[in-house]
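Student: Got a predicted structure plus its sequence, pasted below:
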Amino acid sequence: MVKQLFICAALFLASFHGVHSLKICSFNVRSFGKSKAAREGILDVLVKIISRCDLLLMMEIKDKSNKSVPALMERLNNHGNRNEYEVIMSKRLGMKSYKEQYAFIYRPKLLTLKKSYQYPDSSADSGDVFAREPFVVWFSSRYISVKDFVVIPLHSMPTSSASEIDALYDVYLAMKQRWRAKYFIIMGDFNADCGYVPKKAWKDIRLRNDTNFVWLIGDEIDTTVKENTNCAYDRIVLRGGKLLNAVVPNSAKIFNFMEAYGMTEQQALNVSDHFPVEVDLQKSYGFSSWLKSRKGLKG
């Protein structure tokens, strides 16, 4: 029986296809549209960046024709003939004629999309709080210790960053009530530093002052590509004790694609003026817990 358990365990672990953790990423791909997608080498770099992630939030998609993201997805899914990724996108969001979209690019073998919801931001009392209202998604995964989690994205308007970051607290409360969810990842380009959110503004931001929310990307982290800037614009914030316990130590960081791919500053800026931010979540089963789950196996 013990021998049979070990044989089954080996087969089970092999079925994980090398999944040791789930990598969650957030990336503002500056002004992504048809012209940018057509520039030589841009899609190739984006494919390499996205291929590192199991779930990537992509922001600042500006394309009325809706051709740039399909072109990216075709290139991504033909990369190594893997055909691994799917995408869900928000509607075009923004004020007046300026519109952007959020996109979540994910591996369906590892993540299942449970629900999505376009936050309305239609309060008559508070006015139009968000420049681009969060497009909220709920994912589940049998591969990580937290079986499901909600992602709330934000690409704030620089001039209203403080108020938009604070209003994410209201989005959290609304989605917690709507879906009865326990675990939340709030991430994106918050423009949460330098002149956009002065130090004196943080005391009035509920998402920061409620200690149940943990900011994984600190104020000292430079998420910008330009060497002459040092701003922590892009953030990942978690809510939920079990979710926090699932974080792989030291995995919350930027991905410096300029350094990783040997690019000049200008080459990197052609891709984006932001670096992606990321965090890894631990897989759900180790060998011992799998054996425990198989107590009833007969020899």
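Tutor: Structure's in. What do you need?
Student: packing partners for the helix or strand harbouring residue 70?
Tutor: With secondary structure defined by DSSP states H and E, residue 70 is part of helix 68-78. For helix 68-78, the elements it packs on are helix 34-38, helix 42-51, strand 55-61, strand 86-89, strand 101-106, judged by 3 or more CB pairs under 8 Å, 6 or more residues apart in numbering; DSSP states H and E. (Each C-beta comes from the backbone N, C-alpha and C, glycine too.)
Student: buried residues in it?
Tutor: Residues of helix 68-78 classed as buried: 68, 69, 72, 73, 76, 77 (neighbour count, 16 or more other CB atoms under 10 Å).
Student: Now do the first one against residue 32, distance only.
Tutor: Between residue 68 and residue 32 the distance, using CB to CB, to the nearest Å, works out to 6 Å.
Student: right, so of the helices and strands packed on helix 68-78, which gets closest to residue 192?
Tutor: Nearest to residue 192 among the helices and strands packed on helix 68-78 is strand 55-61; the distance by CB to CB comes to 13.8 Å.
Student: could you say what helices and strands the closest one packs with?
Tutor: Strand 55-61 is packed against strand 21-32, helix 68-78, strand 101-106, strand 148-155, strand 184-189, with contacts defined by 3+ CB pairs under 8 Å, 6+ apart.
Student: Could you provide the ones you listed in CSV, with additional columns for mean pLDDT and distance to residue 129?
Tutor: Shown next, in CSV, are these (pLDDT from 0 to 100; distance: least, CB to CB, whole Å):
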stretch, mean pLDDT, distance to residue 129
strand 21-32, 96, 20
helix 68-78, 95, 26
strand 101-106, 98, 16
strand 148-155, 98, 11
strand 184-189, 98, 15
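Student: okay, now residue 227: neighbour count?
Tutor: If you count neighbours by other CB atoms under 10 Å, residue 227 ends up with 9.
Student: right, I mislabeled it, should have said residue 196
Tutor: Burial of residue 196, expressed as a neighbour count using other CB under 10 Å, amounts to 19.
Student: Residue 34 now?
Tutor: Residues lying near residue 34 (other CB under 10 Å) number 14.
Student: Residue 28 too?
Tutor: Burial of residue 28 is recorded as 25 neighbouring residues (other CB under 10 Å).
Student: related to what we said a few turns ago, would you turn the helices and strands packed on strand 55-61 into a markdown table with distance to residue 280?
Tutor: Formatted as a markdown table, these follow (distance: least, CB to CB, whole Å):
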| stretch | distance to residue 280 |
| --- | --- |
| strand 21-32 | 4 |
| helix 68-78 | 20 |
| strand 101-106 | 15 |
| strand 148-155 | 13 |
| strand 184-189 | 12 |
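Student: what's the closest of these to residue 48?
Tutor: Across these, residue 48 has its closest neighbour in helix 68-78 (9.8 Å, CB to CB).
Student: Distance from that closest one to the middle of the chain?
Tutor: If you compare the mean C-alpha spot of helix 68-78 with that of the full chain, they lie 18 Å apart, counting by CA atoms, centre = their mean, to the nearest Å.
Student: Contacts for it next, please.
Tutor: 32-34, 36-37, 43-44, 46-47, 50-51, 58, 61, 63, 83-85, 87, 89, 101, 103, 105 (CB atoms under 8 Å, 6 or more residues apart in numbering).
Student: what angle sits between it and strand 55-61?
Tutor: 150 degrees (axes from the mean of the first three to the mean of the last three CA atoms, to 10 degrees).
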